[in-house]
Structures are given as C-alpha cells and as structure tokens.
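**Student:** Sharing a sequence plus its predicted fold:
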Amino acid sequence: MARTERTILGIDPGLANTGWGVVAQSGPRLACVAYGCISTPAQAPLARRLGKIHEQMAAVIRRFAPTCVGIETVWFGANAQSAFATGQARGAALVACAEGDLPVGEFSPSQIKLAVVGAGSADKEQVQYMVRQLLALEAVPSPDHAADALAAAICYTTHEGFAAATAAAASGGGAR
C-alpha cells in the first residue's frame, strides 16, 4: 500500500469568523502546520465581508499549498438566518478552493465529531481536547474556530477511505 503524503486544509465557515487549519499527513501521522481565523466586522457590508473571506482563504491556499480540503457543512438549527450567513461564508471559501483546483470533502458537524472524538454528539471541549492530542499540540488551538477547522482536516483523513469505498460500490467496482 502506498504511503499517503499530503497537506490538508480544514475550514470551519462562518460569516463573523471562518476558522482554517493546515494539517500535514505522512502515512498515519498527522501534524499541525498552521491555523488561524478570518474575522469580519458585523458593521461591514456583506459583499465586503464575503470578499475578505475569499481573499484571505485564497492567500492561505497560496501560502500552504494544500492538496485537499475538508470543510464543515452548514447546520440548520433553530436560526435559519445564521445558517444562511454561514452558507454564504462557506461559498466564499469554496470559491477560493475551486480556484486552487482542490478536491473538497464536505462533512457535517456530527461526522467531524465522530471522526475526531469517536462520538457524533461530542461537545466542543471534547473536540478541542482530541485535536490537541491527535496533533500533539502544547495547547488547545485558539480561537475555537481554528480548532474546529483542524478537526475538519483530521476528518478528511478518516472519511476519505469510506467515501472511496462507497463510490466504488455505487459504480459496481470494488470488492464483493
């Protein structure tokens, strides 16, 4: 089996705060390369906020040259307006990924929690703790949006094999 060597960008989208994290994978080993958060002021016009998310995400992609992306999907809870704003921020980030011709894995919050903690209903502190442990960090990444983005990158490594097997089965290929 070939050894996997790649750089994964994780994104936790949000209009006020879009977290990003870069993880290097060498075989089964994962290491944190960098992380951060793109913040936009609430008083700024929507187009300007979305433009900032796109521009800064494109700059992260240029700087760290990821080979793939894991991004959190929008969770539609009780606040549809918040979900819509998150979806717009997610779109701005995805455009930067498309411009970089990057393959994107999209994961629900529960999929990310399951991949990182082992329980889809894990709380934020459990996710942060496991991100710290899995990436051998001295402290929990801050802000929490960056920790969530690193979790999305980690999730990409665990769901990729499952997604490939599902696609192969759907196309009639793969083991029977």
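**Tutor:** Structure received. In this text the structure is predicted, and so the values were computed from the model without any measurement.
**Student:** Please make it C-alpha for all contacts and neighbour counts, starting now.
**Tutor:** Noted.
**Student:** Outside of the helix or strand that residue 85 is a member of itself, list whatever touches it.
**Tutor:** Per DSSP states H and E, residue 85 falls inside helix 80-99. With contacts defined as CA atoms under 8 Å, 6 or more residues apart in numbering, helix 80-99 is touched by 13-15, 18, 50-51, 53-55, 57-58, 61, 69, 74-77, 103-104.
**Student:** May I see the ChimeraX selection of the buried members of those?
**Tutor:** If you want just the buried ones from those in ChimeraX, going by 16 or more other CA atoms under 10 Å, the selection is:
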select :13,14,15,18,50,51,53,54,55,57,58,61,69,74,75,104
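**Student:** Now, the contacts of helix 80-99 that are in strands?
**Tutor:** When the contacts of helix 80-99 are checked against strands (DSSP state E), the matches are 18, 69, 104.
**Student:** was I right about the first one contacting residue 49?
**Tutor:** No - with the criterion set as CA atoms under 8 Å, residue 18 and residue 49 do not qualify as a contacting pair; they are 10.8 Å apart.
**Student:** Tell me how far residue 23 lies from residue 69.
**Tutor:** Using CA to CA, to the nearest Å, residue 23 is found at 10 Å from residue 69.
**Student:** how about residue 41, what does it touch?
**Tutor:** Contact analysis of residue 41 by CA under 8 Å, 6+ apart lists 16, 49.
**Student:** Distance check, it against residue 47.
**Tutor:** 12 Å.
**Student:** again, but for residue 138
**Tutor:** Applying CA to CA, the value for residue 138 to residue 47 is 37 Å.
**Student:** Which residues are in contact with each of residue 23 and residue 69?
**Tutor:** When contacts are counted by CA under 8 Å, 6+ apart, residue 23 and residue 69 are jointly contacted by 8, 9, 10, 153.
**Student:** what about the last one, which helix or strand?
**Tutor:** In this structure, residue 153 sits in helix 144-170 according to DSSP H and E.
**Student:** What mean pLDDT does that helix get?
**Tutor:** Mean pLDDT, computed over helix 144-170, is 76.
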